[in-house]
Structures are given as C-alpha cells and as structure tokens.
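1. just coords:
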C-alpha cells in the first residue's frame, strides 16, 4: 500500500504559501472553483483562507482549560440576591404601560367580536409576567434554603455554651456546683426547645 502524502503546495494570488495538501483535496478545490492549478504540484487559491485548509491533528490541538471558579457565599451575598429579586419590578411596570397603551376595541365595527388581537396580546403579556414571577419565586426559595443552611444552628450553639460552662465549672468549683449548673442549663434548654 502506497502512503498518501501532502505533496501539492498551496499558495494565494499574493504569493503567500499555506503549506501542502493532499492531491485529492487539491483536485476538489479546483473542481469547486476555489483554486486553480499553477503547476502539477502547486495550486493557487481563488480567495485566501481565514484558517488553515487542513484539519489539525489531535496532538496539535491545544485545549484551553476553563479557569477554576470559586464561589464564596455568605449571609450578606444571599440577602443581597434576595433583595435584588424583590426589587426587580420593572417588567411589571412595562407590562402595565404596554397594556395601558393598547387599543381596547372601542373602534371595532358593530357586530364584530371586538379587538381579539388586543386580547391575545394582553394575554401574552400577562403570561410573560406570570412566568417571570414564577421564576422569581423559585429563585427566592433557592436563596431561602441557602440562607437556612448558613444560619447558625441554635442547638449547636447551646451545646457549645454548655460545654464551655461545664469545663469552667469542673476547673473551678467541683462536682456539686457542676450538677447544679448542669440542672439549670437543662431546664433552660427545655424551655428553649418549647419555644
């Protein structure tokens, strides 16, 4: 089997060289009117290419890796996003202005069903506003869940406080004081759990 090599030189009208191509590819370019043979081993392109005529080999292709994106969420970020969503009302005002400027069908001829085109437009505008509000509600629920995840867990804070008090009592007071403080903290904890 004879290996096929790129042995037809490619140039343009200005004399710029673009490398070599396969004979079959060169014949195809000439057949489609995109080039002409200058000599048997050289073709001249009718229009210079924007890119290389030949496909890049896999090993020649460099893949640009996307930079790593790190997102840091905080209570402030979440509250700011919720505030943005709740303050975005311009779509409602635009819909109301559009509806106010629409013909209400008063100019329709007697016996005609009225302004059906205007009704259809009004329904379409209402549907757009409805879908936007549905999206806002979903976003609000999402950020509310994120907010709940960031809120400090009251029970874990109580446990940390209790552990600190127990440590302090054991170091300074002894077992009898510890049992009294522990009993008082358990009563406070039960009261907090009821609320």
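-> Arrived safely. All values derive from a computational prediction rather than experimental measurement.
2. least confident secondary structure element in this structure?
-> helix 154-172 (a mean of 66; mean pLDDT, DSSP states H and E).
3. what's the domain layout of this protein?
-> 1-48, 75-106+114-150, 154-194 (automatic domain parsing).
4. relative to residue 101, how far out is residue 121?
-> Distance, residue 121 to residue 101, by C-beta to C-beta, to the nearest Å: 11 Å. Quick note: C-beta positions are derived from backbone N, CA and C, even for glycine.
5. show me the helices in the protein, by range?
-> Here the chain has its helices, by DSSP state H, at 23-31, 75-87, 90-101, 116-150, 154-172, 175-194.
6. now those as CSV including distance to residue 3?
-> Below are these laid out as CSV (distance: least, C-beta to C-beta, whole Å):
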stretch, distance to residue 3
helix 23-31, 12
helix 75-87, 61
helix 90-101, 64
helix 116-150, 59
helix 154-172, 72
helix 175-194, 82
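7. find the one among those helices with the highest mean neighbour count.
-> Across these, averaging neighbours per residue (mean count of other C-beta atoms under 10 Å) puts helix 23-31 on top, at a mean of 15.
8. who touches the closest residue to residue 98 other than its chain neighbours in this structure?
-> Once flanking residues are discounted, residue 98 sits nearest to residue 125: 5.8 Å by C-beta to C-beta, 6 or more residues apart in numbering. Counting by C-beta atoms under 8 Å, 6 or more residues apart in numbering, residue 125 touches 95, 98-99.
9. any idea how far residue 183 is from residue 125?
-> Distance from residue 125 to residue 183, by C-beta to C-beta: 66 Å.
10. quick one: contacts of stretch 26-46?
-> For stretch 26-46, using C-beta under 8 Å, 6+ apart, the contacting residues are 7-13, 18, 21, 47.
11. what about residue 35, how many neighbours?
-> By other C-beta atoms under 10 Å, 25 other residues sit near residue 35.
12. any idea how far residue 46 is from the closest residue to it other than its chain neighbours?
-> Closest residue to residue 35 apart from its sequence neighbours, by C-beta to C-beta, 6+ apart: residue 29 at 4.0 Å. Distance of residue 29 to residue 46, computed by C-beta to C-beta: 9 Å.
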